[in-house]
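Colleague: Output the structure for:
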Amino acid sequence: MRIETYTDLSGFDALAGEWNELLKRSAFDTLFLTWEWQRTWWEHLGEGDLFLIAMRDDQGHLVGIAPLYRTISVSGERKLNIVGCVDVSDYLDIIVAQGRERKVYGALLDYLDSEEMAGWDAAELCNVPEISPAHQALAEMTVEHGYEFRTIVEDVCPVIDLPATWDAYLDSLDKKQRHEIRRKMRRIEREAHVNWYIVGRDQDLLEEIEAFIELHQKSSADKDDFMDEQMKGFFRAMAHALQPRGWLQLAFIELDGQKAASMLNFEYEDAILVYNSGYDPQLYAYLSPGIVLLAYCIQHAIELGRARFDFLRGDEPYKYRFGARDTKIYRLVIVRGEDHP
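Modeller: Sure, this is the predicted structure:
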């Protein structure tokens, strides 16, 4: 197997024509591993040394991508991470053509064992979903290579399996929650002029993404701290990269002509991914505009025929009130031993 390693942003561009096609052939296709997401993340949030490792079979076909970067801690530990790790990418993995996992993992481990990649002490693959083949195959092969391997449950991603109709969805909830959703939707429509919308694929994002950022910062002190200038740059670039592909679902609810709440979701394959949100606590908070907007988005997902409504990482109680069930994500840790100086 032939290996190519890129160490700067131009590596993403070199693989642009093949990246997403390989992702489609993998066992786990997620927006957070698309070329658009990975390149934007590295350009705006990346740090340390990039090792974009592309693996090709004997015919030259791309069969694996390990998008890694190395950081050095204050104590001097040299750690490899997946591009996108950790806070703003909810699912990550090594990208491998389905059925080729063991060959690709073997080639990657051999490469990590080579002199060219000698400068690392540990590798942490964060946010790996429970359906990834890496849990078993990579774990077994890592131990065979003489490394220590640990699997850690990192978080949960609550997911709703969507039924065919809105009424069927409401019937799947407990009686109290079903009543609350209906009550809040009726009340907001009775007490204010409601307009909710999703920013279209061809609409100008400039004002809309700034409106989302403003609502996000108003939501809480923690969100305000999170949305620093670097993160604003990432959100703007990410939204503009995803919108032309039809993957961005930026939703707003306006009450009496004023934006009261927003949701930044992704529409990818058969799922809606709930990424982030914001609301103005001083504007119609008593009408729960954020909760109502979430209900509208679930209803819209059902109308689109989507199979899943994925709340992504975090076990916030409201997700379970809307009927979500946990799926797990893991941190896979590889540690070099004394036999691998």
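Colleague: mind listing what E36 touches?
Modeller: Residues counted as contacts of E36 (C-beta atoms under 8 Å, 6 or more residues apart in numbering) are A241, L242, R245, W247. C-beta coordinates here come from the backbone N, C-alpha and C atoms, glycine included.
Colleague: again but with E191, I slipped
Modeller: L287.
Colleague: likewise the one 5 residues further on?
Modeller: Counting by C-beta under 8 Å, 6+ apart, W196 makes contact with A251, F252, I253, E254, L293, Y296.
Colleague: Helix, strand, or coil at the fifth one?
Modeller: In this case it means L293. Going by DSSP: H, G, I helix; E, B strand; the rest coil, the secondary structure assigned to L293 is helix.
Colleague: From I198, how far off is the nearest residue in space to it that is not next to it in sequence?
Modeller: In space, L293 comes closest to I253 once its chain neighbours are excluded; the distance is 4.3 Å by C-beta to C-beta, 6 or more residues apart in numbering. The gap separating I253 from I198 is 11 Å, by C-beta to C-beta, to the nearest Å.
Colleague: With P67 instead?
Modeller: From P67 across to I198, the span is 30 Å (C-beta to C-beta).
Colleague: that's a strand at L92, yeah?
Modeller: No - read with three-state DSSP, L92 is coil and lies in no strand.
Colleague: Report how many residues lie close to the closest residue to H145 other than its chain neighbours.
Modeller: Among residues not flanking H145 along the chain, L109 sits closest, at 4.8 Å (C-beta to C-beta, 6+ apart). Applying other C-beta atoms under 10 Å, we find 18 other residues in the vicinity of L109.
Colleague: Report the buried residues of the strand or helix carrying L109.
Modeller: Applying DSSP states H and E as the criterion places L109 in helix 101-112. Using 16 or more other C-beta atoms under 10 Å as the test for burial, helix 101-112 gives E101, K103, V104, Y105, G106, A107, L108, L109, Y111, L112.
Colleague: Repeat that for stretch 296-316.
Modeller: 296-302, 306, 308-313.
Colleague: Do a quick rundown of the strands in the stretch 51-200 of the chain.
Modeller: For the stretch 51-200 of the chain, the strands defined by DSSP state E, counting those that start in this stretch occupy 62-72, 78-82, 95-96, 122-129, 148-161, 194-198.
Colleague: would you list those strands in a markdown table and tack on mean pLDDT?
Modeller: Below are the strands of the stretch 51-200 of the chain laid out as a markdown table (pLDDT from 0 to 100):
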| stretch | mean pLDDT |
| --- | --- |
| strand 62-72 | 97 |
| strand 78-82 | 96 |
| strand 95-96 | 98 |
| strand 122-129 | 96 |
| strand 148-161 | 96 |
| strand 194-198 | 98 |
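Colleague: Would you work out how far apart the start and end of stretch 105-124 are?
Modeller: Length of stretch 105-124, first residue to last, C-alpha to C-alpha, to the nearest Å: 15 Å.
Colleague: do stretch 107-122 as well
Modeller: Stretch 107-122 end-to-end distance (C-alpha to C-alpha) = 18 Å.
Colleague: Please apply the same query to stretch 217-229.
Modeller: Stretch 217-229: ends 12 Å apart by C-alpha to C-alpha.
Colleague: Great, nothing more from me.
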